[in-house]
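> below: sequence and its predicted model.
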Amino acid sequence: MDIRQGTLAESLEVLAKVKEFEQTETLDSMRRRIGDKPCLILVADNGDELVGVKIGYQLDDDCFYSWLGGVTSKGRRKGTAKALLLEQEAWVKQRGYQTIRVKSRNCFPAMVCLLLNNSYQIEHLEKKESVDQYRIHFVKKIT
């Protein structure tokens, strides 16, 4: 598996294959969200197939926001999500950011576990209409 910088179009290709996501993003909505902020779009290639994505952008000079990511069924249980996370952290550290922030939901326990197992700390809980949709805000200091 190779982790490389990708495009928003490649990201949408991956996200369309991630069964847990409602496909609400478009190229235009993603471009509007990121705007002109410094950003990183990572994709995971497994041979000739894209199996993972991780997108983030600068919140401010010291903080990077890991916004959107996912792994397809063919990329799971192969370390894809962790490889994307570690590559993003290395890129963030190289550029001098001090922290990474990310949100997840109770309905994505694998992501919550991945974040906790990689030294992300829960900073805030955002309650929603049902417990499975609660947003968990994480932060990690980059040293």
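Happy to help now that I have it.

> could you identify the longest helix within the protein?
helix 80-94 (DSSP state H).

> residues in contact with A81?
With contact set as C-beta atoms under 8 Å, 6 or more residues apart in numbering, A81 has these partners: G52, G69, V71, A110, M111, L114. In this view, the C-beta of every residue, glycine as well, is placed from N, C-alpha and C.

> what mean pLDDT does the longest helix of the chain get?
Helix 80-94 carries an average pLDDT of 97.

> how about the CA coordinates for it, as CSV?
Taking Å, rounded to 0.1, in the frame of the first residue of the first chain, the C-alpha atoms of helix 80-94 are listed here in CSV:
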residue,chain,number,x,y,z
THR,A,80,-4.7,1.9,6.2
ALA,A,81,-6.3,4.3,8.6
LYS,A,82,-3.2,4.3,10.9
ALA,A,83,-0.9,4.8,7.9
LEU,A,84,-2.9,7.8,6.8
LEU,A,85,-3.0,9.2,10.3
LEU,A,86,0.8,8.9,10.8
GLU,A,87,1.5,10.4,7.4
GLN,A,88,-0.7,13.3,8.2
GLU,A,89,0.9,13.8,11.6
ALA,A,90,4.4,13.8,9.9
TRP,A,91,3.3,16.4,7.4
VAL,A,92,1.7,18.6,10.1
LYS,A,93,4.9,18.4,12.3
GLN,A,94,7.1,19.2,9.3
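
> tilt between whichever helix or strand comes after it and helix 80-94?
Sequence-wise, the next helix or strand downstream of helix 80-94 (DSSP states H and E) is strand 99-105. Here strand 99-105 runs at an angle of 150 degrees relative to helix 80-94 (axes from the mean of the first three to the mean of the last three C-alpha atoms, to 10 degrees).
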